[in-house]
Each structure stands twice: as C-alpha cells, then as structure tokens.
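# Could you look at this predicted model? Sequence included:
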Amino acid sequence: MTTRDDCLALDAADPLAPFRAEFDLPEGVIYLDGNSLGALPRATGPRLQAVVAQEWGRDLIRSWNTAGWIDAPARVGGKIAGLVGARPHEVTAADSTSANLFKLVAGALSLRPGRRTILSEPGNFPTDLYVIQGLAALLGQGVRLKTVPADELVAAIDEDVAVVVLTEVHYKTGRRWPMKAVTAAAHAAGALMLWDLSHSAGAVAVDLNSADADLAVGCGYKYLNGGPGAPAFLFVAERHQAAIRSPLTGWMGHADPFAFVDAYAPAPGVRRQLCGTPPILGLSALEVGVDLHLRAPLAALEAKGKRLGDLFIELVEARCGFAGLTLASPRDAAGRGSHVSFAHADGYAMMQALIARGVIGDFRAPDILRFGFTPLYVGYADVWDAVEILRDVLETRAYDQEDYRRVSAVT
Ligand SMILES: *Cc1c(COP(=O)(O)O)cnc(C)c1O
C-alpha cells in the first residue's frame, strides 16, 4: 500500500517536478482539471502585457510585420507540430477545434468523391458530432454521420466511408484509441483518418506521422495551457495539402491576401486552412504554453500522467471503497490518456463538495467525476492529498447538501 511518504519520494525523484514553479496556481488548490482548462503559466501575463503595451499600443499596425503577427499561426502551429509528431509545415494554429473540424471534414469529403459516410462513435465529444451533423445537413446528397460503438467501429469502415473521425483520448472515460492500427484500418478501406487530439496534445506522446494520419484537430486551452478559448490547431499531412480545399475560403487562406483581387485562389500548404485575421492576443498566450511544453520530453509527460492515474485509481479503490464509486476509465494505463473518471449517481454533488474543499476536478453528465492529471504541474503527493479529501467528503457525506445539487451553467 502506497503511503504519503512514498508519494513525496516520487515527487523528489520526478524530473518534471520543476515545471510546477512555472505555473501560477493558487494556494490551497489541488488542480485536477487541466484537461479542461489548463493552468496559467507565470510567463503568460508578462508576455501579454508586452504584446498589448508595445506591439499593439506603441507599434500599432506595423506589428503585423515587425512583431511577426502575420506569421503567428504558422509559427505557433510549427511548434505544436513538435508535440504531436508532425512536421512544422503540417500544422497551423487557427480558429476553434469545432471550426477546424468543419473545415477538415468538408475537405476530407472532397478528397473522397462518391463516398458519403462520415464514421464516428456514439458518445464522442458533442461538438464533433454536432459539427458533422451540421455539415451533412448543409451538403445534402446523402452525406451522413454514422456512429458505431467502439468495439464494432473498425469493422464498419466500408467503401462508403470517406473519413473516420475519432477523438484519440475520450473526453469522459480517458480511453485511448490505438492510433496506428485504426488509421491503418481506415486506409485499408480507402478512407481518410481524422484524429481529434483535444485530450491528447501535451499529455501523451502523439505521433501523427508514424501513424500515417491524414488529418487532425486539437484544442489550445486544455493541456497546452493557452488560456480560456485559446486558438485551436489543425494538421494536414503533407501528401494531402495540394489537393484539400477549405470550405471557409477567407482571405487569410488566399494565395496572396494583400493583392486584394476578387477571385479566390488557395494558398499553398496548410495556410489555406486559415480563414480570417489571426487572433494575436490569443495566439501570444498559446505560444507561451506551447513553449513550456517543448522543454518537457513527451515520453516523460506521458509516463508521469500514467503513473499519476495509476496511483489515483489505487488510492481511491483502497481508501474510498465503501462509497460505491465505479471506475469508468481503462484500468490499464496503456489504454488511457492522462485523466481518470469514476461514476457515481451522486457524482455532481460529490464534485461540488470536493471543489469547495479545494480539489478541482469536473463533472460530466450523467454521473462522471473526472480528474485530470496534468503531468507538468500535478505531483504524486497532490494525488495522495486529493484522495484523502475525497475520502473525507465521502465518509462524512459532506456532499449531501442542497447547495451541492444546484447545477451551474458550466460543469
Ligand atoms: C474540448 C474539446 C473540443 C473543444 O472544441 P471547441 O471548439 O474549442 O469548443 C472539441 N473536441 C474535443 C474532443 C474536446 O475535448
């Protein structure tokens, strides 16, 4: 049985432990929600201050050239490429994950003319399914979203499937798809493979190129610590870049935006996936988070996330076994990302009571308590302490109060 001293020893030997000091986390909080909104890096405030005061305030519109604003999507995207196993010119930072998904699924359909099915799984992250539903309604002509449960999904990739759209690490359960095998299965049926990396990038060692992935999207405000509503990113494998078109043919994706001609002509490479003017404040904050990640070896991040998750499962089962929490994540860390979920009918109230005690995780309807173990700033003793507080909340039934049952707009 692991003790708190064991956890302190693990922290002392942890090569990633020094990264904790790079984040501005409040006293008395154990933050287990970096998979939903990453914590604030200490360098972000000063960086934004400089962008606002000097680049915007003093240098004004000249900064598009002199401060490299116009290159920010490519520059930040190129850095993110290093975190997802892509080449720098295959990734750009742009828009939201939802909008990027719309562009790339539409592009995938145009690369596979005659095929009408977009295949995903039921219970995928809602925006992924909603965006595909909206695109199918817009396109008509029999284009449709088909959802098939995970265990039957690969067998359902047939000659009508244009693109398979899956979230590598499931937002609720943390279950991780085997990227290489599923991509190969899609290719064997002539389909393209699009991965949503929102719960992967910055937490696990994603390797898009070695998996031979075609397309990917991902989120900037989760493990990448880009701040609330940060720009997202998208990946188009080099082999598709010349043929794929964006349905959102804005001027920033034009071959020559400042020629101001009437006729649209796509930019070469991944830049054609840009639409409107890049959000410089958001990209500047995102770049700070990405730069931090680039200093941490991906394999070390993934290994620590798994160990934290294993430790959490072990301690919850050993110390909170009386409370009837059911593990809702894969027990085997190899099949899991960096978060762990437990199910309980009173999960919402339990999570509110935990948050009131400074242990911040989140709740996902209908019954999931979700705990994210961000390897850059969560330590082993944090996990111990969080479980101790959870045990107390459960044992004293502190969650059993009206206050904790009132559901907020954002859970
Ligand atoms: C968080 C998340 C998103 C977020 O999309 P937004 O457009 O930023 O709201 C999309 N997909 C998945 C799988 C996510 O986890």
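Arrived safely, thanks for sending.
# got the residues of this protein near the ligand?
96-98, 125, 127-128, 167, 171, 196, 198-199, 219, 232 (Cβ under 6 Å from any ligand atom). Placement of C-beta: from N, CA and C, glycine included.
# Contacts only, for the residue in the stretch 151-300 of the chain positioned nearest to the ligand.
Using Cβ to the nearest ligand atom, the closest approach of the stretch 151-300 of the chain to the ligand is made by Ser198 at 3.3 Å. Listed by Cβ atoms under 8 Å, 6 or more residues apart in numbering, the contact partners of Ser198 are 97, 125, 167, 171, 217-219, 222.
# try 7 Å this time
97, 125, 167, 218-219, 222 (Cβ atoms under 7 Å, 6 or more residues apart in numbering).
# swap in Ile280?
Counted by Cβ under 7 Å, 6+ apart, Ile280 has contacts 51, 69, 72.
# Looks to me like Gly289 is in a helix.
Yes. Applying DSSP: H, G, I helix; E, B strand; the rest coil, one finds Gly289 inside a helix.
# where do the strands sit along the stretch 201-350 of the chain?
215-218, 232-236, 326-327, 339-343 (DSSP state E, counting those that start in this stretch).
# Name every strand pairing with the second one and say which way it goes.
Partners of strand 232-236 in the sheet, by DSSP bridges, are strand 91-94 (antiparallel), strand 215-218 (antiparallel).
# follow-up on the earlier one: model confidence score at the residue of the stretch 151-300 of the chain closest to the ligand, please.
For Ser198, the pLDDT comes out at 98.
# From His170, how far out is it?
10 Å (Cβ to Cβ, to the nearest Å).
# most centrally placed residue in this protein?
For the chain, the residue nearest the mean C-alpha position is Ser198 (1.8 Å; Cα atoms, centre = their mean).
# Ignoring the adjacent residues along the chain, who's closest to that residue?
Take Ser198 and drop its neighbours on the chain: the residue closest to it by Cβ to Cβ, 6 or more residues apart in numbering is Cys219, 3.8 Å away.
# how much space is there between that neighbour and Arg87?
Taking Cβ to Cβ, one finds Cys219 at 21 Å from Arg87.
# Next: Val182.
21 Å.
# Mind checking which of the two has more residues around it?
Per other Cβ atoms under 10 Å, whichever of Val182 and Arg87 has more neighbours is Val182, with 21 against 14.
# I'd say Leu48 and Ser284 touch.
Yes. Leu48 lies in contact with Ser284 (Cβ atoms under 7 Å); the separation is 6.1 Å.
# out of the two, which sits in the more crowded spot?
Ser284 (23 against 16).
# Format the contacts of Ser198 as JSON lines; extra columns: neighbour count.
What follows is the contacts of Ser198, written out as JSON lines (neighbours: other Cβ atoms under 10 Å):
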{"residue": "Thr97", "neighbour count": "24"}
{"residue": "Phe125", "neighbour count": "20"}
{"residue": "Thr167", "neighbour count": "25"}
{"residue": "Gly218", "neighbour count": "29"}
{"residue": "Cys219", "neighbour count": "27"}
{"residue": "Lys222", "neighbour count": "29"}
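# right, so of the strands paired with strand 232-236, which gets closest to Ile132?
Ile132 sits nearest to strand 215-218 of all the strands paired with strand 232-236, at 12.2 Å, using Cβ to Cβ.
# Please work out the average pLDDT along that closest one.
98.
# Show me what that strand is in contact with.
84, 97, 100-101, 104, 108, 192, 194-198, 201, 208, 232-236.
# show me what contacts Asn100?
Counting by Cβ under 7 Å, 6+ apart, Asn100 makes contact with 94, 217, 232, 234.
# For it, grab phi and psi.
Dihedral angles phi and psi of Asn100 (degrees, to the nearest 10) take the values phi -60, psi -40.
# So which elements touch the helix or strand of the chain with the lowest mean pLDDT?
Lowest by mean pLDDT, DSSP states H and E among the helices and strands of the chain is strand 362-364, with a mean of 94. If contacts are counted by 3 or more Cβ pairs under 7 Å, 6 or more residues apart in numbering; DSSP states H and E, strand 362-364 sits against helix 347-356, strand 368-372.
# contacts for it?
33, 36, 172, 347-348, 351, 369-370, 411.
# Narrow these to just the buried residues.
33, 36, 172, 347-348, 351, 369-370 (16 or more other Cβ atoms under 10 Å).
# Rebuild those residues as JSON lines, extending it with distance to Arg245.
Below are the buried ones among the contacts of strand 362-364 laid out as JSON lines (distance: Cβ to Cβ, whole Å):
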{"residue": "Asp33", "distance to Arg245": "37"}
{"residue": "Ser36", "distance to Arg245": "33"}
{"residue": "Lys172", "distance to Arg245": "33"}
{"residue": "Gly347", "distance to Arg245": "44"}
{"residue": "Tyr348", "distance to Arg245": "44"}
{"residue": "Met351", "distance to Arg245": "44"}
{"residue": "Leu369", "distance to Arg245": "43"}
{"residue": "Arg370", "distance to Arg245": "37"}
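# Output those as TSV; include the columns distance to Ser120 and pLDDT.
Output for the buried ones among the contacts of strand 362-364, formatted as TSV (distance: Cβ to Cβ, whole Å; pLDDT from 0 to 100):
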residue	distance to Ser120	pLDDT
Asp33	25	97
Ser36	21	97
Lys172	15	96
Gly347	26	96
Tyr348	27	96
Met351	28	97
Leu369	25	97
Arg370	21	97
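# what's the closest of the residues you listed to Thr147?
Lys172 (15.1 Å).
# Identify the residues contacting that closest one.
Contact analysis of Lys172 by Cβ under 7 Å, 6+ apart lists 341, 364, 368, 370.
# Quickly list what the last one is bridged to.
This points to Arg370. Ser341, Asp362.
# per-domain residue ranges of this structure.
Using automatic domain parsing, the domains assigned to the chain come out as 4-40+297-402, 68-294.
# Can you add distance to Trp56 and give the ones you listed back as CSV?
Putting the domains of the chain into CSV (distance: least, Cβ to Cβ, whole Å) gives the following:
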stretch, distance to Trp56
domain 4-40+297-402, 21
domain 68-294, 8
